[in-house]
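Asker: any chance you could fold what I've pasted below:
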Amino acid sequence: MLTNVLYCGDIAHKGVVYPGEQEPLVSRELWQEVNDKHKLSRRQIRRHRRVESPLKGLLRCGHCGALLADSFTSRQGERHLYYVCRAGKKQQLICPQQPVRAEDLEQSLRERLERRGTVSDLAFEQLVRAVSYHSGSRRVWVELQDGNRFEFCLPVPVRPGVRRKEQKIQSCGRTPRLSRLMALAIHLDGLLCQGAVRSYRELAEAGHVSRARLSQILQLNHLAPEIQEQLLFLPPTRRGPDPLLERHLRAVARLADWEGQKQRFRALREQLSL
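Answerer: Just a heads-up that it's a prediction; the model follows:
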């Protein structure tokens, strides 16, 4: 304030501006014009700081259940939006939830919704009732406005700036056998549809398995698409045997109703503490 008034020849003392005896450096009109432009510039900057957060009010922490807040970082002149958990700071608790980049989460969620045949140009609040994200397992749980639910694993992004430590943690463990069997069942079904093999017998002989075992593997294709997706993206097994096996799903795959399959599958996951 003192510097500004000196330019027009005034003196500020204890919050009061007095006319000065020294000659002003610039005219009062020019001084006023410059200050008006500075005020306009500051208002534009404040408006520009607003960043859209489509999942604000919908996304909850998978650790403590609190709503995730939006935040951003600036890198090389660009702003990147993140969702962070601040419940621990307010309640003086330690929440292990790590920030997740909004672009990664929103893009993966939009892709899953499109696979389910959902209209892609609608806003998230029109499609989704609630979303939960757990940074430790990178699992995302989604509840839609129509009451349906599904979950998926958020892929680790491949781009500069992603910490290698996090990639190393995600790569620990082994891919569950059931995930590999699900991928194999989809591949074998594709070979049959394309005419690459003529019969199940020929397919069993090429894979050196019995026709009974081949039938068990291909029966995984009878599962609801939502269940198949969850099987493909099961979290890695870090120690011991896989908790979920192919034999656990045989009774589920025999159900003709997909809704019944999903209810049975949810009960199975709760029984196995998955």
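
Asker: for this structure, just list every one of the helices.
Answerer: In the chain, the helices defined using DSSP state H lie at 2-7, 28-48, 87-90, 102-115, 124-127, 164-171, 177-194, 200-207, 211-218, 225-232, 250-253, 258-271.

Asker: between those, which gets nearest to residue 242?
Answerer: Ranking these by proximity to residue 242 (Cβ to Cβ) places helix 177-194 first, at 5.6 Å. C-betas here are computed from N, CA, C, even on glycine.

Asker: now for the closest one, which elements pack on it?
Answerer: helix 200-207, helix 211-218, helix 225-232 (3 or more Cβ pairs under 8 Å, 6 or more residues apart in numbering; DSSP states H and E).

Asker: follow-up on the earlier one: mind putting the helices of the chain in TSV, distance to residue 137, mean pLDDT and mean neighbour count included?
Answerer: Output for the helices of the chain, formatted as TSV (distance: least, Cβ to Cβ, whole Å; pLDDT from 0 to 100; neighbours: other Cβ atoms under 10 Å):
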stretch	distance to residue 137	mean pLDDT	mean neighbour count
helix 2-7	55	53	13
helix 28-48	36	66	11
helix 87-90	19	61	13
helix 102-115	14	86	16
helix 124-127	22	80	15
helix 164-171	10	47	11
helix 177-194	15	88	15
helix 200-207	33	82	14
helix 211-218	27	89	15
helix 225-232	13	89	19
helix 250-253	23	92	16
helix 258-271	13	90	14
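
Asker: could you pull up phi and psi at residue 157?
Answerer: With angles defined as degrees, to the nearest 10, residue 157 sits at phi -70, psi 150.

Asker: show me what contacts the most centrally placed residue in the chain?
Answerer: Closest to where the C-alpha atoms of the chain average out (Cα atoms, centre = their mean) is residue 105, at 2.2 Å. With contact set as Cβ atoms under 8 Å, 6 or more residues apart in numbering, residue 105 has these partners: 55, 59, 83, 133, 140, 154.

Asker: residue 234 now?
Answerer: So residue 234 contacts 153, 175-176, 178-179, 244 (Cβ under 8 Å, 6+ apart).

Asker: same check on residue 214?
Answerer: With Cβ under 8 Å, 6+ apart, residue 214 has these contacts: 188, 200, 203-204, 207.

Asker: again, only this time at 7 Å
Answerer: 200, 203-204, 207 (Cβ atoms under 7 Å, 6 or more residues apart in numbering).

Asker: hang on, the earlier thing: wait, which of the helices and strands packed on helix 177-194 is closest to residue 34?
Answerer: Taking Cβ to Cβ, helix 225-232 is the member of these nearest to residue 34, at 60.0 Å.

Asker: closest one to residue 146 among the helices of the chain?
Answerer: helix 124-127 (9.0 Å).

Asker: need phi/psi at residue 199.
Answerer: Dihedral pair for residue 199: phi -160, psi 170, per degrees, to the nearest 10.

Asker: list the contacts for the nearest residue to residue 264 once chain neighbours are set aside?
Answerer: Nearest residue to residue 264 in three dimensions, chain neighbours excluded: residue 252, at 4.9 Å (Cβ to Cβ, 6 or more residues apart in numbering). Contact partners of residue 252, counting by Cβ under 7 Å, 6+ apart, are 223, 261, 264-265, 268.

Asker: show me how this structure divides into domains.
Answerer: Listed by automatic domain parsing, the domain ranges of the chain are 2-48, 59-171, 177-271.

Asker: starting at the chain centroid, how far to the second one?
Answerer: Pointing back at domain 59-171 there. 3 Å (Cα atoms, centre = their mean, to the nearest Å).

Asker: shift numbering so it begins at 435
Answerer: From this message on, residue numbering opens at 435, which makes the last subject domain 493-605.

Asker: count the residues that sit near the residue nearest to residue 663 when sequence neighbours are not counted.
Answerer: Computed as Cβ to Cβ, 6+ apart, the closest residue to residue 663 that is not its neighbour in sequence is residue 586, at 6.4 Å. Per other Cβ atoms under 10 Å, the neighbour tally for residue 586 reads 20.

Asker: do the same with residue 678
Answerer: 20.

Asker: sweet, I'm off.
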